[in-house]
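**Student:** this one's sequence-less:
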């Protein structure tokens, strides 16, 4: 009952295929990266007909495992020119898994200017002319819900994706049918736009979960995993109460909160944009605001909150820490309401909050937008939807914006912008930024855990010792977690509670009848990274690209006045299992 | 004694995060808390200081002194800035 759905945008054929043997045992990121590596010519033009866009739920999708309904989106990235896996919450991952669709592979392109939408249900899939072309995500989904109903879930691009801006995202609806969970990074929305695919409608009705080989064993293991998540203070309570924004104050305190385009590691108004403040304002305003909100079915961590406006009406989801940071300290803005408005604009227009928010601060550094001027940022942001020249520049992300405005400090690796941790004060995450095949990405190997959060051990964030090994191990583990369909935040419990990983392995074995051990999880992670790095090599991205921009090695950042002092040779030992 | 006010050479500034704030009535997030250490208290540890202001030690996961990672056994001196955090995470 497991199958692939192959969709050709040129011929409009939609075919269910048996899964070739070589893909057995793969899901999520393992599947998207393996399909892209096998089927996409690494030197192809990312926004051309030879690129493919792959959607894949994880191995534990649509089971009663907690937090296992994430979805992976893979392609060659128009932002990094390398392989991309971008990961999202929301309902579509679980719905696809429920329909037994392990991957959707979207090929070729529709005629330029035509927009199509893909209808998927239990026994059929077809492309029909889109009824929502030209609309941004929220209007598009509202109209689609009128047409297809509330039981479906929706995958859409906004106008940024239609314009094929290289920071365009793909939106996935949450449980309340709001398109505010995004595969944000790497310009995957531009690839969807280039294909002429505006929306995917997934009707889960009649779908059946994959039968569990050993139902009792699965139930027992799932219960153990849930216990690990609820008993850990971060996954059990902290994330629900304060969201990821809880990190604002701790990164400020640690001197790793990049401020005014990475010229300082502390922001004097950090309290105004903190998780504590967001929690307080949300509770005070009440109304449609919510503390502890899950973005997908089966989520027990519930980090995604709803931020209300002054009248208690929905304003945005709780912005993530990275969003608060880039539109806040990085752009010298301390107005929480304004930042939530920018967050909502990103969700609606369909752009990555990180690459666009960092672009705003970089444009400020280059004189394109006055420093800290919220009104000017609002106009620039609106330009993304309106298609103004400035909007298109910012919507193409940080690297493009830095180039256009002649900026010396452009915080990117492989064309993708750095997230919210200064690599000079949190050196472990700097190793990840430099080396991950994804381009700068904190989620690829979140060394902030041991560097700052005392989670999974403790390593001095200002020293080099132990950082490469830490980043290596986290990159391997993350690749596996992304393949299982688990939310990355489960890693906090996995790092501290040994039974959590054992429970995941037991769930996989009980579902599929496998005999995996914890070591196999490591092997899988290494295999995924090897596949991704090999694609990049064939695309012309060599080890020479594994470094940070030189201002990080040249300029000490206050308050610690440290630099990022790894040599390229040291960084090249990260993937030490790959033969050169 | 504790007070709200600027950091004097003879005091320690204390910053609290999330739920730890609820342990100190009247805590002002923007400025934190100031504790004046008496002379001869040079050997006070971060843990002892936490107890003095009523923080439950078992809820403290991270201690930073002057923006550096430390722990409850680390010594605190007048003029230091000490920050306490429970287990927090995000990303």
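**Tutor:** Sure thing, it's come through. Given the structure is predicted, the values throughout are model-derived calculations rather than measurements.

**Student:** Give the burial count for residue 22, as a bare number.
**Tutor:** In the absence of a named chain, this looks at chain A. Applying other C-beta atoms under 10 Å in any protein chain shown, we find 9 residues neighbouring residue A:22. Where C-beta positions appear, they are placed from N, C-alpha and C, glycine not excepted.

**Student:** Hmm, no, I was thinking of chain B.
**Tutor:** Other residues near residue B:22 number 9, with proximity taken as other C-beta under 10 Å.

**Student:** now residue A:150
**Tutor:** 9.

**Student:** Kindly report the same for residue A:163.
**Tutor:** 22.

**Student:** Not counting its neighbours along the chain, what's nearest it?
**Tutor:** Of all residues not flanking residue A:163 in the chain, residue A:387 sits nearest, at 6.0 Å (C-beta to C-beta, 6 or more residues apart in numbering or on different chains).

**Student:** Give me the most central residue, chain A.
**Tutor:** In chain A, the centroid-proximal residue (C-alpha atoms, centre = their mean) is residue A:87; its distance is 4.3 Å.

**Student:** oh sorry, the question was meant for chain B
**Tutor:** Compute the mean C-alpha point of chain B, and by C-alpha atoms, centre = their mean the closest residue is residue B:14, 3.5 Å away.

**Student:** does that one belong to a helix or a strand, and which?
**Tutor:** Using DSSP states H and E, residue B:14 maps to strand B:11-16.

**Student:** packing partners for that strand?
**Tutor:** Contacts defined by 3 or more C-beta pairs under 8 Å, 6 or more residues apart in numbering or on different chains; DSSP states H and E place strand B:11-16 against strand B:33-36, strand B:81-85.

**Student:** Residue in chain B with the shortest distance to chain A?
**Tutor:** In chain B, the residue that lies nearest chain A is residue B:90 (3.1 Å; C-beta to the nearest C-beta).

**Student:** separation between that residue and residue A:274?
**Tutor:** Residue B:90 sits 11 Å away from residue A:274, going by C-beta to C-beta, to the nearest Å.

**Student:** likewise residue A:339?
**Tutor:** Distance of residue A:339 to residue A:274, computed by C-beta to C-beta: 11 Å.

**Student:** ok, these two, which is more surrounded?
**Tutor:** Higher neighbour count among residue A:339 and residue A:274: residue A:339, with 29 against 26, using other C-beta under 10 Å.

**Student:** which parts of the helix or strand containing that one are buried?
**Tutor:** Using DSSP H and E, residue A:339 sits in helix A:336-349. Neighbour-count burial for helix A:336-349, counted by 16 or more other C-beta atoms under 10 Å in any protein chain shown, picks out A:336, A:338-349.

**Student:** just stretch A:262-279 next, same as before
**Tutor:** Neighbour-count burial for stretch A:262-279, counted by 16+ other C-beta under 10 Å, picks out A:262, A:264-267, A:269-279.

**Student:** State the mean pLDDT of that stretch.
**Tutor:** Averaging pLDDT along stretch A:262-279 yields 98.

**Student:** Endpoint to endpoint, that stretch covers what distance?
**Tutor:** Terminal residues of stretch A:262-279 lie 27 Å apart, using C-alpha to C-alpha, to the nearest Å.

**Student:** and if you look at stretch A:167-183?
**Tutor:** End-to-end distance for stretch A:167-183: 11 Å, by C-alpha to C-alpha.

**Student:** Tell me which of the buried residues of stretch A:262-279 fall in helices.
**Tutor:** Among these, the members found in helices (DSSP state H) are A:275, A:276, A:277, A:278, A:279.

**Student:** so what's residue A:205 up against?
**Tutor:** Counting by C-beta atoms under 8 Å, 6 or more residues apart in numbering or on different chains, residue A:205 touches A:121, A:122, A:151.

**Student:** Now cross-check the buried residues of stretch A:262-279 against chain B and list the overlap.
**Tutor:** Restricting these to those adjacent to chain B (criterion: C-beta under 8 Å from any C-beta of the partner chain) gives A:266, A:271, A:274, A:275, A:276, A:277.

**Student:** Spit out the contact partners of the residue of chain A found nearest chain B.
**Tutor:** Residue nearest to chain B within chain A: residue A:244 (3.1 Å; C-beta to the nearest C-beta). For residue A:244, the contact set (C-beta under 8 Å, 6+ apart) comprises A:275, A:303, A:320, A:321, A:322, B:90, B:91.

**Student:** Contact residues of chain B facing chain A?
**Tutor:** Selection of chain B residues close to chain A by C-beta under 8 Å from any C-beta yields B:15, B:17-19, B:21, B:29-30, B:61-62, B:64, B:67-69, B:83, B:85-91.

**Student:** Whichever of those residues end up buried, select them in ChimeraX.
**Tutor:** The buried subset of the residues of chain B next to chain A, as determined by 16+ other C-beta under 10 Å, is captured in ChimeraX by this line:
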select /B:15,17,18,19,21,29,61,62,64,67,68,69,83,85,86,87,88,89,90,91
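
**Student:** In strands only, show me the residues of chain B next to chain A.
**Tutor:** Those of the residues of chain B next to chain A mapping onto strands are B:15, B:62, B:64, B:68, B:69, B:83, B:85, per DSSP state E.

**Student:** OK, contacts around residue A:171?
**Tutor:** Counting by C-beta under 8 Å, 6+ apart, residue A:171 touches A:137, A:141, A:154-158, A:179-182, A:347, A:350.

**Student:** Name the residues linked to it by a beta bridge.
**Tutor:** residue A:156, residue A:182 (DSSP bridges).
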